[in-house]
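Participant: Turn this into a structure:
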Amino acid sequence: MTANSFISVSLSPPVVLISVMQGRTLRVIEDTGRFAVNVLPACAKDLSNHFAGKPVPGFAPRFDDVDGPPKVSGSMAYFDCAVDRLMVVNDHTLILGDVNACTHSDAQPLIFFSSQYHDLYLQDRPPANDLPNNDARP
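Facilitator: The predicted structure is shown next:
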């Protein structure tokens with residue numbers, strides 16, 4: 001299952017928020033009081049599609065053996081979380097989770113924005129005074 005949204009809420013103590021639709025995954029999170037967030041690397045589009053409900057024929061995800069919620073093999077980051085609170089907002093449920101454990105690597109993340117996959121390019125930004133002035137009139 002893919003979350004509609006994932007954000008960091010607090011660094012100290014570490015707290016994250018996910019937004020999920022009603023369904024089997026939400027019921028498991030409610031029943032267990034735990035969830036995991038697996039951040040996928042840029043090379044994992046098939047894996048992302050699989051968990052978004054668009055399985056690739058013959059593809060089967062692998063999981064690492066961990067004491068806690070499932071950890072997808074090859075994830076660039078993993079957050080093991082305990083549910084703090086849930087809030088139903090229209091057709092989604094917002095879940096705040098206390099981060100119990102986190103692992104990460106320096107891999108490039110898989111980015112899905114505006115219904116497409118994108119690459120993350122890091123480049124120097126121009127100084128603020130060199131940015132175009134949106135209020136300028138021709």
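Participant: okay, stretch 64-76 in CSV with CA atoms only?
Facilitator: Taking Å, rounded to 0.1, in the frame of the first residue of the first chain, the C-alpha atoms of stretch 64-76 are listed here in CSV:
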residue,chain,number,x,y,z
ASP,A,64,14.0,-8.1,5.4
ASP,A,65,13.6,-10.0,8.6
VAL,A,66,13.0,-7.3,11.3
ASP,A,67,11.3,-7.2,14.7
GLY,A,68,8.5,-4.9,13.8
PRO,A,69,6.4,-3.8,10.8
PRO,A,70,7.5,-5.0,7.4
LYS,A,71,10.8,-3.6,6.0
VAL,A,72,11.0,-3.8,2.2
SER,A,73,14.3,-5.1,1.0
GLY,A,74,16.3,-2.3,-0.7
SER,A,75,14.4,0.6,1.0
MET,A,76,16.6,3.7,1.2
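Participant: what's next to that stretch, contact-wise?
Facilitator: 32, 34-36, 38-41, 44, 47, 61-63, 78, 80-81, 100-101, 104-105, 107-109 (Cβ atoms under 8 Å, 6 or more residues apart in numbering). In short, each C-beta sits where N, CA and C put it, glycine included.
Participant: now with 7 Å?
Facilitator: 34-36, 38-41, 44, 47, 61-63, 78, 80, 104-105, 107, 109 (Cβ atoms under 7 Å, 6 or more residues apart in numbering).
Participant: among those, which are in helices?
Facilitator: Using DSSP state H, residue 47 are the members of the contacts of stretch 64-76 that sit in helices.
Participant: Got a PyMOL select line for the buried ones in the contacts of stretch 64-76?
Facilitator: With 16 or more other Cβ atoms under 10 Å as the burial test, the buried ones among those are selected in PyMOL as follows:
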select buried, resi 35+36+38+39+40+41+44+47+78+80+107
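Participant: what is the rounded mean pLDDT of stretch 28-35?
Facilitator: Here stretch 28-35 scores 96 as its mean pLDDT.
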